[in-house]
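[1] kindly return the folded structure for what I paste below:
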Amino acid sequence: MPSPAKPFVVTLVAAVTFALGAAPAGAIETEDFTAAAAAPTISLTTQALSTDTDTAPLAPISSVLAESETTHSSAAHGFDVTAAIAAATAEIGTSRATGWGAPGECIVSAQRWIRAGGGAWTGGGDPVSNYAGALRLSPTEAQPGDVIQYEHLQFPTSWVSGVHTVLVTGVNDDGTYKIIESNNPTGSGYVQADDSWVPKPPAGFQAVAWRF
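    So this is what the prediction gives:
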């Protein structure tokens, strides 16, 4: 004689088996956190943050730290900015000799103008040690009297082709700058102004700002 409890037991086992072996409709999917499904790496450059998986060269760690440690972008200049800009303005349209340490070189001209305002630009040697004692800033923080420098990402302390220096004389509402520069084009030693300048460092370079 069949046991009256047997159908109940069979039904219970079937229900449990179905619950464990099949996911009900509308179940919540879970993320796969295995190494194979890891998120793309984030590469940091001074230009932008990217989530691409490319292998573009990164900025030297010394340069990254120098900017990340800067917290005083509102610090006052240590010289007469008006006098420095006046000295640079007086040279617009003139040319000077170029070559190592010559007065027509872009960085030598910027030094001359800053010093005309009493700035203690006493560094030298390379595109980084030249700014000994200055405050390093992002170009977006530059103000009149600051210097914007193109430096090589891989070799920031080398005078490689593409290094360039300008003096910021104003900041426009659209984020562009008023600048005065020397030796553009290279070898001309020519001083000129640009009232709507945007930093456009060559490939492999970054723009940084310095404040004395």
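
[2] point out where this protein drops to low pLDDT.
    Low-confidence segments of the chain, defined by pLDDT under 70, are located at 1-72.

[3] and the strands in it, which stretches?
    For the chain, strands defined by DSSP state E occupy the ranges 43-44, 49-50, 135-137, 147-152, 164-171, 177-182, 191-197, 205-211.

[4] how about the helices in this structure?
    If DSSP state H is used as the criterion, the helices of the chain fall at 6-21, 61-68, 81-90, 106-116.

[5] and the angle for the third one with strand 164-171?
    Same thing as helix 81-90. Relative orientation of helix 81-90 versus strand 164-171 (axes from the mean of the first three to the mean of the last three Cα atoms, to 10 degrees): 120 degrees.

[6] list the helices and strands helix 81-90 packs on?
    Helix 81-90 makes packing contacts with helix 106-116, strand 164-171, strand 177-182 when contacts are defined by 3 or more Cβ pairs under 8 Å, 6 or more residues apart in numbering; DSSP states H and E. (Each C-beta comes from the backbone N, C-alpha and C, glycine too.)

[7] any idea which of the ones you listed gets closest to G189?
    strand 177-182 (6.5 Å; Cβ to Cβ).

[8] other residues contacting the closest one?
    Identification of contacts with strand 177-182 by Cβ atoms under 8 Å, 6 or more residues apart in numbering yields 85, 88-89, 91-92, 96, 104-106, 108-110, 113, 142, 144, 148, 164-172, 189-199.
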